[in-house]
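Trainee: structure, please.
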Amino acid sequence: QVCIIFSDFGKMQNVCNLLIEKLGTSVTISPPHFHHTPEAVDTLRRQVCVAAVGNTRRKAQEVCRLFGQSLGKPLLIREEETKEWGGHVDSHLSNFPDSLTLQERIQNATAYASCKVFAVFEIKGKENRRNKLL
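Mentor: Now for the predicted structure:
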């Protein structure tokens, strides 16, 4: 019995296909078990927070444009809430992991995250057209 840990789903599929092609029925490949490393979860958290800050900035810019103002630098950015959750399969089969399809296994292993941020930006008044030309 050989256990291999892959960090790339595509490479896992390629290796499994190669083994089956070369070794035929003499090899049995068990269904994959998925998990996330702490580093991957930490990266997901950071990406979600950065995206939330970017969304907040874009919304603030739109509001400023509506009032003929321009958005300045951020004065305060605070991460208020972060949520993480995993996927689930709405099926009685989820109680029997070996009977799940590959798609259902992937869905069960998919990690989701959301982040709520609070940001305060400087608002600049209308700029004089002459200042823009200089």
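
Trainee: centroid residue for the protein?
Mentor: The centroid of the chain falls nearest to residue 44 when counting by CA atoms, centre = their mean (5.0 Å).

Trainee: does that residue really touch residue 110, like I thought?
Mentor: No - applying CB atoms under 8 Å as the test, residue 44 and residue 110 come out as separate, 10.7 Å apart. Quick note: C-beta positions are derived from backbone N, CA and C, even for glycine.

Trainee: what's whatever helix or strand residue 23 lives in in contact with?
Mentor: Element membership for residue 23 (DSSP states H and E) is helix 9-23. Residues from elsewhere that reach helix 9-23 (CB atoms under 8 Å, 6 or more residues apart in numbering): 4, 6, 27, 29, 32.

Trainee: swap the cut-off to 7 Å and go again
Mentor: With contacts defined as CB atoms under 7 Å, 6 or more residues apart in numbering, helix 9-23 is touched by 6, 27, 29, 32.
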